[in-house]
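**Q** Give me a model of this one.
(one chain, ligands or ions: 1)
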Amino acid sequence: MQEDVPGYTVAQAVEEARRCLNCPKPLCRAGCPIENEIPQFNQALAQGNFGEAYKIISKKSNLPAICGRVCPHENQCEGHCVMAKAGKGIKIGRIERFIADFYSENQLSSEKLVPKTKGKVAVIGSGPAGLTVAGDLARKGYNVVVYEGEAEPGGVLLYGIPDFRLPKEVVRREVKNIEALGVTFICNTMVGKDITIDKMFEEGFDAVFIGTGTAIAKGLNLPGEKLKGVIQSSYLLRMTRLFLDGNVGRDEVPVEEGDEVIVIGAGNVAMDACRTANLMKAKKITDCYRKSIEFMRASKAEYESAVKDGAEFKWEHVPLEILGEDGKVTGLKVSTPEGEKVIPANKILLAVGSKPAARVITSTNGIDTDESGYVVTQQKPYGMTTKKGVFAGGDVVHKPATVVLAMKEAKKVAQGISDYIEARKLLGI
Ligand code: FAD
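**A** Numbering: from 1, shown residues only. Model (predicted):
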């Protein structure tokens, strides 16, 4: 499938990097949650030193080809660029993407493997948080095994974000780069069912990291929510992914040609649901959001793409009831500033948030969560849960956010895990 935004050619990338002013106090770096050395990699690229540019990025990020595509750059690095105000900001995301793609596609060099002598760490989940912890700890000399419930590593990157924004071969390439650091992936293994944290410690792991994200999609508890045709957007995205990979038939995708679809929500997931419904040839796509556009959580670029794909947005439309006939959806009753009205539809796609599943936590003792199921962690060692040696990070701790925020936290937790294992060694435990 064609990517929305085409990649830079070598000439375009070098030209764009040359525009960087190399500011002494780079605001772009301050705007990046993981403080990527943006001017440094721009300078390396501008001088034609592609390998060096990649090396600079990979000091801070294990997933540059992904961040280059899905980070909300307009609010982060690019939004902070000193030239942004004049509308001439450097396209940092596209440069980052170019450097990462060029490195992987051309296998520029291979990183020297660090001997795995420092200890053994199990990572549960292979989304951005798990992949970051795995990559950082492997680079520090830890033997890392990642347990993933799905058939392939990647988490939301693989089964959530659609191909037109993040092609799956890009995710697979990034995972391969992490594998090349000496990380082992064990897929089709649901922790809490196929193996437990206690068993991992019995098997000799020094620490365990939980990076299981938020797998349970939330509902709205609206009257009519049980009607046939009310679907979680995450389910549509997952089934579309499986269909496009040839793993399920078209009839398993819950949006059919000619459907009239209402999407409820205005975050990343809602925009991807609108666009995927369009891809699946829905006749009409209406997005209802209870607040005004200023409160939309999706980025402007994603919203504009959804509009371009034909989605019609209805702001300040509060869902009241899902209407139906013979057990099937016929429309959505909403409250609007003008009063109540009914929007006809035969499919309602919910995109109103998600929360953590309890499987991992309930299959062992001593890991506290808050009242919504998010794992409680501490500052020292950073990211440790209430169970000794068990750490957590990413969406399962800080609530659904962004790829780069999951990575930022995971980097700090990787350091916390390393500090914990080192301290135990010093204490002779
Ligand atoms: P996840 O990515 O959810 O990974 C968790 C992993 O744990 C999964 O692989 C899961 O299979 C595995 N797992 C769960 N339970 C178990 C178990 N018991 N045993 C073994 N494995 C288990 N963010 C952006 O920055 N930009 C975007 O454009 C963007 N778009 C998005 C679009 C969609 C549709 C969605 C759903 C999210 C989007 N996000 C986006 C948010 C971003 O993807 C998440 O914040 C991020 O993936 C969280 O990372 P994580 O590693 O904490 O969890």
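
**Q** Excluding chain neighbours, what is closest to the closest residue to the ligand within the stretch 301-429 of the chain?
**A** Proximity of the stretch 301-429 of the chain to the ligand (CB to the nearest ligand atom) peaks at residue 394, 2.4 Å away. In this view, the C-beta of every residue, glycine as well, is placed from N, C-alpha and C. The spatially closest residue to residue 394, leaving aside those adjacent along the chain, is residue 129, at 2.7 Å (CB to CB, 6 or more residues apart in numbering).

**Q** mind listing what whichever residue of the stretch 1-150 of the chain sits closest to the ligand touches?
**A** At 2.2 Å from the ligand, residue 127 is the closest residue in the stretch 1-150 of the chain, using CB to the nearest ligand atom. By CB atoms under 8 Å, 6 or more residues apart in numbering, residue 127 lies in contact with 154-157, 211, 213, 394-395, 406.

**Q** Which pLDDT value goes with the residue of the stretch 301-429 of the chain closest to the ligand?
**A** pLDDT, residue 394: 98.

**Q** What is the burial count for it?
**A** Residue 394 has 33 neighbours, counted by other CB atoms under 10 Å.

**Q** Repeat that for residue 285.
**A** Using other CB under 10 Å: residue 285 sits among 26 other residues.

**Q** residues in contact with it?
**A** By CB under 8 Å, 6+ apart, the neighbours of residue 285 are 261, 263, 274, 277-278, 309-312.

**Q** try it again with 7 Å
**A** Residue 285 sits next to 261, 263, 274, 277-278, 310-312 when contact means CB atoms under 7 Å, 6 or more residues apart in numbering.

**Q** And residue 170, by the same measure?
**A** Residue 170 sits in contact with 65-66, 69, where contact means CB under 7 Å, 6+ apart.

**Q** Near the ligand, list only the ones from those.
**A** Among those, no residue lies close to the ligand (CB under 6 Å from any ligand atom).

**Q** could I get the residues you listed as JSON lines with secondary structure, neighbour count and pLDDT?
**A** Output for these, formatted as JSON lines (DSSP: H, G, I helix; E, B strand; the rest coil; neighbours: other CB atoms under 10 Å; pLDDT from 0 to 100):
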{"residue": "65", "secondary structure": "helix", "neighbour count": "27", "pLDDT": "96"}
{"residue": "66", "secondary structure": "helix", "neighbour count": "26", "pLDDT": "96"}
{"residue": "69", "secondary structure": "helix", "neighbour count": "27", "pLDDT": "96"}
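
**Q** now, among those, which is nearest to residue 387?
**A** Of all these, residue 387 sits closest to residue 66, with 30.4 Å by CB to CB.

**Q** List the neighbours of the helix ranked longest in the chain that are in contact with it.
**A** The helix spanning the most residues in the chain, taking DSSP state H as the definition, is helix 403-427. Residues outside helix 403-427 that contact it (CB under 7 Å, 6+ apart) are 33-34, 61, 63, 66-67, 70-71, 118-119, 121, 127-129, 132-133, 136-137, 140, 206-207, 209, 211, 381-384, 391, 393-395, 397-398.

**Q** repeat that for 6 Å
**A** With contact meaning CB atoms under 6 Å, 6 or more residues apart in numbering, helix 403-427 is reached by 33-34, 67, 70-71, 119, 128-129, 132-133, 136-137, 140, 206-207, 381-383, 391, 393-395.

**Q** And stretch 286-304, by the same measure?
**A** Counting by CB under 6 Å, 6+ apart, 72, 262-264, 266-268, 271, 274, 311-318, 334, 343 sit against stretch 286-304.

**Q** For the stretch 201-350 of the chain, which segments count as helices?
**A** Listed in chain order, the helices of the stretch 201-350 of the chain (DSSP state H, counting those that start in this stretch) span 233-244, 268-279, 300-308.

**Q** Let me know which of those helices is tucked in deepest.
**A** Mean neighbour count (mean count of other CB atoms under 10 Å) peaks for helix 268-279 among the helices of the stretch 201-350 of the chain, with a mean of 26.

**Q** That one vs helix 233-244, what angle?
**A** 40 degrees (axes from the mean of the first three to the mean of the last three CA atoms, to 10 degrees).

**Q** Show me which residues of the stretch 51-200 of the chain sit near the ligand.
**A** Residues of the stretch 51-200 of the chain found near the ligand (CB under 6 Å from any ligand atom) are 70-71, 124-130, 147-150, 155-156, 160-161, 190-192.

**Q** now, which of those lie within helices?
**A** 70, 128-130, 156.

**Q** Excluding chain neighbours, what is closest to residue 130?
**A** Nearest non-adjacent residue to residue 130, counting by CB to CB, 6+ apart: residue 211, 3.7 Å away.

**Q** so that neighbour sits right up against residue 394, yeah?
**A** Yes - counting by CB atoms under 6 Å, residue 211 touches residue 394, with 4.7 Å between them.

**Q** For those two, list the residues in contact with both.
**A** residue 129.
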